[in-house]
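Visitor: coords below, sequence missing:
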């Protein structure tokens, strides 16, 4: 279950953020797919959680947008994490036309539980 935080500059149009929000769950699921957590293309509640955060007056950064993905560590994910994050970047750029952004993939040792 990936947690995704999108931090964006105030000048990024809301329409572009909505577009990103509509494609990101699928793109992230493809990026972190692995034998331990296969992706069947059928996203259900709790499969990918998105959090959008506008940069505040004290925040500093050089990009219009940063997508930070945190997903549970598995050896199969970690083995090619740079390839995974590069493919996610390319998928976002292709789907949205965004150019001035970065993608960060973190694979912490973690656990997840949720109710029905």
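Guide: Arrived safely, thanks for sending. Bear in mind that the values here come from a model prediction, so they are computed numbers and not experimental data.
Visitor: list the buried ones in the lowest-mean-pLDDT helix or strand in the chain?
Guide: Taking mean pLDDT, DSSP states H and E as the measure, the chain has helix 75-78 as its least confident helix or strand, at a mean of 94. By neighbour count on 16 or more other CB atoms under 10 Å, the buried set for helix 75-78 is residue 77. Where C-beta positions appear, they are placed from N, C-alpha and C, glycine not excepted.
Visitor: So which elements touch it?
Guide: Using 3 or more CB pairs under 8 Å, 6 or more residues apart in numbering; DSSP states H and E, no helix or strand is in contact with helix 75-78.
Visitor: what's it in contact with?
Guide: 32, 34-36, 71, 84, 107 (CB atoms under 8 Å, 6 or more residues apart in numbering).
Visitor: ok, now with 7 Å
Guide: 32, 34-36, 71, 107 (CB atoms under 7 Å, 6 or more residues apart in numbering).
Visitor: Stretch 39-52 too?
Guide: 1-6, 8, 17, 21, 24-26, 28-30, 33, 114.
Visitor: so how far is the longest helix along the chain off the chain centroid?
Guide: In the chain, with assignment by DSSP state H, the single longest helix is helix 14-32. Counting by CA atoms, centre = their mean, to the nearest Å, helix 14-32 is centred 7 Å from the centre of its parent chain.
Visitor: And that helix, what's buried?
Guide: 17, 20, 24-25, 27-29, 31-32.
Visitor: Could you figure out how far the next helix or strand after that helix is turned away from helix 14-32?
Guide: Per DSSP states H and E, the first helix or strand lying C-terminal to helix 14-32 is strand 49-54. Calculated by axes from the mean of the first three to the mean of the last three CA atoms, to 10 degrees, strand 49-54 forms an angle of 140 degrees with helix 14-32.
Visitor: Now do the next helix or strand after strand 49-54: everything it contacts.
Guide: Per DSSP H and E, the first helix or strand lying C-terminal to strand 49-54 is strand 65-70. If you take CB under 7 Å, 6+ apart as the criterion, strand 65-70 is touched by 2-9, 12, 28, 92, 98, 101-106, 108.
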